[in-house]
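A.B. asks: Quick one, what's the 3D model for this:
(one chain, ligands or ions: 1)
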Amino acid sequence: MQTKIYDELLNSKRRLSLMLFLFLNIVTALFLSLRATSHTPLTACAPTLLIAIFSVALLARLLINPAAQIQRLNSVALFTGLLWAWHIFSRYHYQFYIADNYLLVALVSVFFISAIALGDHLLAFCLHALPTAATVLILDAGRNTLLMLFTVTLPLVGFTLHHLMLRRLDNFTRRLLSQLYAEKESYSDLSMLDPLTGLYNRRGLTNRLQSILEKHSGSHFVLLLDIDNFKAYNDNYGHTMGDQALIRVSTAIRDAVRSRDVVTRFGGEEFLVLLTNVNETIAMQLAERIRQYVVNLEISHRFNDKVSTHVTLSAGIAPLEGDDFNTALTNADRALYLAKNQGRNMLLSWQDLMNSTQPQAADPQNVFTGGK
Ligand SMILES: Nc1nc2c(ncn2[C@@H]2O[C@H](COP(=O)(O)OP(=O)(O)OP(=O)(O)O)[C@@H](O)[C@H]2O)c(=O)[nH]1
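C.D. replies: Numbering: from 1, shown residues only. Model (predicted):
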């Protein structure tokens, strides 16, 4: 999410507030227009009729076009607030027998509409209620100043505090959401990494492979690497030393290739490197560099002195044709198998094998004896 979804939620809440606000305006304005007596001239009815027509038009627009952007809540609040002030002012002279009550009731009615619909929107609340409050104070001409001020101030203070609390809650929710999403991202990153070596695991490989294949660009190679005689290493030096050797070999592999290459711990002591956007010559050079880096680590391993006195690895490499990863993997695995059979600590290319065994090329299985 982002906070985008949360913003959409707030927008839809704002939209509902506006619809409720318009509805309350329509009902109140129509009620007051119908109550107009025969003594009330048409000019005194004009504000409520305007409020009703304006609110009906805006509400209809919102209902017909749910996607309509509502940016003008404040302007709508101010406009209707001014019309209410005009209404109170023009009707005041026809309500002389209950003048004070009339002002109080008028004030409370407008505050009621603001409070119900604009409780979450302090500025719109003020823009709607203040013209009425000012008009009422002027018309009252100091007769009930204390009562009027109390009636104006109490809701204003109340809503300001309420608004500040909502703001804090809103900021807190935003922070919480961002934190949750950041944590989710880091968990999902972790689930793609091998905990011992920090390299990608199979899941990470699948993820990277997908995005690489989606780009449909460049040629890629699958390189499979397997540490030689690692069982003997564990048997001789213990599992903990075995783990340390795995970590050092992983680092050497990572150091030998480019940042764009995807290095994966594919199994226990087996690694897969996806060499991306690379030609065959460079791919072979990178693969050979890995083999050499591991030899250079000089991790003592006296299992078979004829091959090496250090930890080594064997490798098989094959091109990734189109998006057929499985075939590339099978071919790299066959080349690796042959590298092991031919004495270990070597790199074999599936393409070279195919070229050097042309007569049997129709049946790739003939290249090998046995299969892994
Ligand atoms: N220390 C350690 N050993 C591991 C880990 N994962 C796999 N291994 C060991 O790696 C060894 C792999 O042995 P094999 O599959 O027989 O292969 P190998 O002995 O390397 O022989 P070749 O591959 O034929 O050269 C096994 O003994 C596993 O226990 C690991 O995370 N830590």
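
A.B. asks: Now do H239 against T312, distance only.
C.D. replies: 20 Å (Cβ to Cβ, to the nearest Å). Glycine gets a C-beta too; all of them are placed from N, C-alpha and C.

A.B. asks: what's the answer for I290, then?
C.D. replies: Going from I290 to T312 by Cβ to Cβ gives 11 Å.

A.B. asks: again, but for L59
C.D. replies: Look at L59 and T312: by Cβ to Cβ, they are 79 Å apart.

A.B. asks: Looking only at neighbour counts, state which of the two leads.
C.D. replies: Applying other Cβ atoms under 10 Å to L59 and T312 shows that T312 carries more neighbours, namely 21 against 18.

A.B. asks: In contact with that one, which residues?
C.D. replies: Taking Cβ atoms under 8 Å, 6 or more residues apart in numbering as the criterion, T312 is in contact with 227-228, 291, 294-295, 301, 344-345.

A.B. asks: Remind me what the helix or strand that contains H128 packs against, helices and strands.
C.D. replies: In this assignment (DSSP states H and E), H128 forms part of helix 122-140. Contact partners of helix 122-140 among helices and strands, from 3 or more Cβ pairs under 8 Å, 6 or more residues apart in numbering; DSSP states H and E: helix 73-92, helix 99-118, helix 145-190.

A.B. asks: Do me a favour and average the pLDDT over the longest one.
C.D. replies: When pLDDT is averaged along helix 145-190, the result is 82.

A.B. asks: immediately after it, which helix or strand?
C.D. replies: helix 202-214.

A.B. asks: any idea how far whichever helix or strand comes after that next one is from the chain center?
C.D. replies: For helix 202-214, the succeeding helix or strand toward the C-terminus, using DSSP H and E, is strand 220-227. With Cα atoms, centre = their mean, to the nearest Å as the basis, strand 220-227 stands 34 Å off its chain's centre.

A.B. asks: Mind giving me the packing neighbours of strand 220-227?
C.D. replies: Contacts defined by 3+ Cβ pairs under 8 Å, 6+ apart place strand 220-227 against helix 239-256, strand 270-275, helix 280-296, strand 313-320, helix 325-341.

A.B. asks: That one versus strand 270-275: what angle between them?
C.D. replies: For strand 220-227 against strand 270-275, the angle by axes from the mean of the first three to the mean of the last three Cα atoms, to 10 degrees is 160 degrees.

A.B. asks: Could you list every helix and strand that the helix or strand just after strand 220-227 packs against?
C.D. replies: Of the helices and strands lying after strand 220-227 in sequence (DSSP H and E), the nearest is helix 230-237. With contacts defined as 3+ Cβ pairs under 8 Å, 6+ apart, helix 230-237 has these neighbours: helix 239-256, strand 300-304.

A.B. asks: With only the CA atoms kept, save helix 230-237 in CSV.
C.D. replies: This file holds the C-alpha atoms of helix 230-237, laid out as CSV (Å, rounded to 0.1, in the frame of the first residue of the first chain):
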residue,chain,number,x,y,z
PHE,A,230,32.4,-31.8,0.2
LYS,A,231,31.1,-34.8,2.2
ALA,A,232,34.7,-35.7,2.9
TYR,A,233,35.4,-32.2,3.9
ASN,A,234,32.6,-32.3,6.5
ASP,A,235,33.7,-35.8,7.6
ASN,A,236,37.3,-34.6,8.1
TYR,A,237,36.9,-31.1,9.5
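
A.B. asks: residues in contact with that helix?
C.D. replies: By Cβ under 8 Å, 6+ apart, the list of residues contacting helix 230-237 reads 227, 241-242, 245, 268-269, 301-303, 311.

A.B. asks: same thing with stretch 246-256?
C.D. replies: For stretch 246-256, contacts defined as Cβ under 8 Å, 6+ apart pick out 196-199, 225, 227, 263, 265, 269, 271, 273, 286, 289-290, 292-294, 296-297, 299, 311, 313.

A.B. asks: And it, what's buried?
C.D. replies: For stretch 246-256, a neighbour-count test (16 or more other Cβ atoms under 10 Å) marks 246, 249-254, 256 as buried.

A.B. asks: Distance of N236 relative to N229?
C.D. replies: From N236 to N229 the distance is 10 Å (Cβ to Cβ).

A.B. asks: Which of the three states applies to the spatially closest residue to I26 that is not a sequence neighbour?
C.D. replies: Nearest residue to I26, sequence neighbours excluded (Cβ to Cβ, 6 or more residues apart in numbering): S55, at 4.6 Å. Here S55 is helix, with the state taken from DSSP: H, G, I helix; E, B strand; the rest coil.
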